[in-house]
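> sequence unknown, structure follows:
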C-alpha cells in the first residue's frame, strides 16, 4: 500500500480509476499498468484490482458501512510501523459513534487495530455490502460492520475474528438444529455462521432474553458415529469456566463469616497446605498468589489431590502479579472441602448448583457414559476424529460437566447467592491481567472497558465460553465439541466488537 491512503467516493467510478492508473503510469510513478492498478486497489483498502473492480461493478446504493470500514483499513494499515501517527479522539468520533467509544475507549481501540495492521494491509476480499451493514474478509480474519441508520452514519459495530480450517467431513454437511425457548433470530444466525466458519461437529449457543427467560440453540451432532443429534440438554466439560462457580462457593463462605478474603489460605486448609503461609484467599481467587500449576491436568479418573500437588503445594510464582493458572483454584477446592467438611463436589452442589436449578451439572470422577457430547479433532485432511474422553485432575479448577442452559442459569443467578456488596466486589478489578485491556475479579475475567465479565474454557476436544454483562446481568454461553477459539462467537452475541 502506498504512503497515501485513500477511500472510495460514495459512488465509485471504475472508468475514472482506470484513467487514474494510466495517468500515474505515464507520470513514471510505476513501471507497469498492473503495478499502478494494484497500488490504487490497495490505497482504497482492497487486495487487488480484480477485487476493486468486482466491488464497484456489484455496488448498488451507497454502503456507508463499506465507506467507514475502508477508512479503518487505510488509516490503521501502517499502525505497526515507525512514524505512524494514531488518530486523535476527535478523528475517531467522526467514524465511530459515542456508545462504541464508551465501550471501546480510543486508546484501547488504537492498540487493538495496531495488532491487526498486517491483515489490514492485505485489503478486503469477499465483500458483501449493504447500505448500513457489511461482511468481508481481511486475510485470515472475518469482518462484520454496521453503521448508524442516520447521518453521519458512524460505525456502531465492528467485529474481527479469526477464520478456522474448513471441515470437509461429509457427516457434518447438513446439521440438524434443536432449540429450547425463544431463540433470538440474531443468535440463530450467529450459530449457523459460526458452525460453518469454524468447522464444527456440534455447537450450542445459549442466553437469556430481557425478561430473564432462558433459550438455547444446538446445531450439529453430539456424536458422529452413532448419528447422535446434539440437543440443548447435552453435557460438555466446561473446563476453566468452573472457576467462577468455585469462586462463588468461596464467597458464600465469606458471606457466612466462615472465611475471610484477606486471611492466609493456610488458616483454613487442613489436608494440604501452601508452601507460602502468607498467600491469602483473595490472592488465590485472583491468580496473584504464585501457586504453581501441576504438570498433568487430564486423566481417566480424578486423582486424590495430594497425588497431584503433593502434601505441600508449591508457590514458586511471583507473588502479587497476575499469572493465570490452575493450582490456586485446586487449593480453593480443598479449602471449600476443609471448611464445610464435605467433598468439594458435594459442597459446591449444595451451595451453588442446587440453589440455581443446575440439574444437568456435576463433577464426575470419570467421563460421563451417557448424555454427554463426544469431543473431536479435525485432521489435516478435514475429517473429524474422536478424542478420548478425560476429566480434569483439579475439579475446582476445571472439573465441571454441564449444559449451556445450566451455565446461563448460573450467569443469571450467581449474584443472588451473595450479598450485593460481595457480588459487586467479585466484579471489581482486583489485578491487572497480562493481556490487552483486561483485569481479574474474584473468579471472573474482566474487560471493564467493554462491560464484560466471563471466563473461557478449553481442553482436548471441547471449548466453552461464558460472558456476562455486569451492567445488565445478561449471560451468553457457547459450547462446542472441538477445541477452537469460541470467545469471538460469544462476543458476536454480546458485544459490538470482537
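Nice, thanks for sending it over. Remember, it's a predicted structure, so these values are computed and weren't measured experimentally.
> Mind telling me what element the closest residue to residue 314 other than its chain neighbours is part of?
Spatially, and ignoring its direct neighbours in sequence, residue 314 is nearest to residue 292 (4.4 Å; C-beta to C-beta, 6 or more residues apart in numbering). In this view, the C-beta of every residue, glycine as well, is placed from N, C-alpha and C. Under DSSP states H and E, no helix or strand contains residue 292.
> now swap in the one 3 residues further on and tell me
Secondary structure from DSSP H and E places residue 295 outside every helix and strand.
> how close does it get to residue 314?
Separation of residue 295 from residue 314 (C-beta to C-beta, to the nearest Å) stands at 11 Å.
> any idea how far residue 405 is from the nearest residue to residue 471 once chain neighbours are set aside?
Of all residues not flanking residue 471 in the chain, residue 451 sits nearest, at 5.1 Å (C-beta to C-beta, 6+ apart). Relative to residue 405, residue 451 is positioned 24 Å away (C-beta to C-beta).
> With neighbour numbers in mind, choose between those two.
Taking neighbours as other C-beta atoms under 10 Å, residue 451 and residue 405 compare with residue 405 leading, 24 against 16.
> Checking the more buried one next. Helix, strand or coil?
helix (DSSP: H, G, I helix; E, B strand; the rest coil).
> Tell me the bridge partners for the nearest residue in space to it that is not next to it in sequence.
Among residues not flanking residue 405 along the chain, residue 216 sits closest, at 5.4 Å (C-beta to C-beta, 6+ apart). In this entry, residue 216 is beta-bridged to residue 180, residue 206, by DSSP bridges.
> Please name the residues that touch residue 216.
179-181, 183, 204-207, 232, 404-405, 408, 477 (C-beta atoms under 8 Å, 6 or more residues apart in numbering).
> let's go with 6 Å and repeat that
Shown in contact with residue 216 (C-beta atoms under 6 Å, 6 or more residues apart in numbering): 180, 204, 206, 232, 404-405.
> can you list those in TSV and add distance to residue 125 and pLDDT?
What follows is those, written out as TSV (distance: C-beta to C-beta, whole Å; pLDDT from 0 to 100):
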residue	distance to residue 125	pLDDT
180	37	97
204	31	98
206	33	97
232	36	97
404	33	98
405	38	98
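> rewinding a little: could you check which of residue 295 and residue 314 is surrounded by more residues?
residue 314 (16 against 7).
> How confident is the prediction for the more buried one, by pLDDT?
Predicted confidence (pLDDT) for residue 314: 95.
> mind pulling up the phi and psi values for it?
phi -70, psi 140 (degrees, to the nearest 10).
> Would you give the sheet partners of the one helix or strand residue 142 maps to, along with the direction of each?
Assigned by DSSP H and E, residue 142 belongs to strand 141-147. Sheet pairing of strand 141-147 (DSSP bridges) gives strand 133-138 (antiparallel), strand 155-162 (antiparallel).
> mind showing which ranges of the stretch 151-300 of the chain have poor pLDDT?
Along the stretch 151-300 of the chain, the parts satisfying pLDDT under 70 run over 162-166.
> the strands in the stretch 351-498 of the chain, which residues?
376-378, 384-386, 391-392, 401-402, 431-432, 439-440, 445-447, 452-459, 462-468, 475-480 (DSSP state E, counting those that start in this stretch).
> Would you mark the buried spots in the helix or strand harbouring residue 125?
For residue 125, the host element (DSSP H and E) is strand 124-129. By neighbour count with 16 or more other C-beta atoms under 10 Å, strand 124-129 contains the buried residues 124-125, 127, 129.
> With respect to residue 167, which of those residues is nearest?
residue 125 (21.2 Å; C-beta to C-beta).
> give me the beta-bridge partners of that closest one?
Counting by DSSP bridges, residue 125 is bridged to residue 137.
> That one and residue 142: what is the separation?
Per C-beta to C-beta, residue 125 is found 11 Å from residue 142.
> Next: residue 153.
Residue 153 is 22 Å from residue 142, by C-beta to C-beta.
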